[in-house]
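A.B. asks: Just need the structure, nothing else, for what follows:
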Amino acid sequence: MCNDRKNCACRIAVTRVYRELKERDISEVSAFDTAARIFRLHHPEIPERESRFTIADWVDETA
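C.D. replies: Have a look, this model is predicted:
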């Protein structure tokens, strides 16, 4: 588990998939849901709601 999600290794995968899907004109909702699935594969121990807040912070920072 990542103790510091700001420096989590899966962050690269999550933000990359979100960005690349958006570049391919996939809807924001679908891109976000896909990013959330990837995050949850890496961190099933983190509640879904909390993981979605983390992802939202990450993709907002890269925008």
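
A.B. asks: Pop out the phi and psi values for I12.
C.D. replies: The phi and psi values for I12, taken as degrees, to the nearest 10, are phi -60, psi -50.

A.B. asks: can you list the residues that contact stretch 38-50?
C.D. replies: By Cβ atoms under 8 Å, 6 or more residues apart in numbering, the residues outside stretch 38-50 that reach it are M1, C2, C8, C10, A13, V14, V17, A36, S51, T54, I55. In this view, the C-beta of every residue, glycine as well, is placed from N, C-alpha and C.

A.B. asks: Of those, grab the buried ones for ChimeraX.
C.D. replies: With 16 or more other Cβ atoms under 10 Å as the burial test, the buried ones among the contacts of stretch 38-50 are selected in ChimeraX as follows:
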select :8,14,17,36,51,54,55
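
A.B. asks: tell me the two of the contacts of stretch 38-50 that are most distant?
C.D. replies: Pairwise distances across these (Cβ to Cβ) peak at 20.3 Å, for the pair M1 and V17.

A.B. asks: thinking again about what came up before, same list, the contacts of stretch 38-50, but as TSV with distance to R24 please.
C.D. replies: Below are those laid out as TSV (distance: Cβ to Cβ, whole Å):
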residue	distance to R24
M1	31
C2	28
C8	25
C10	21
A13	17
V14	16
V17	11
A36	18
S51	23
T54	23
I55	18
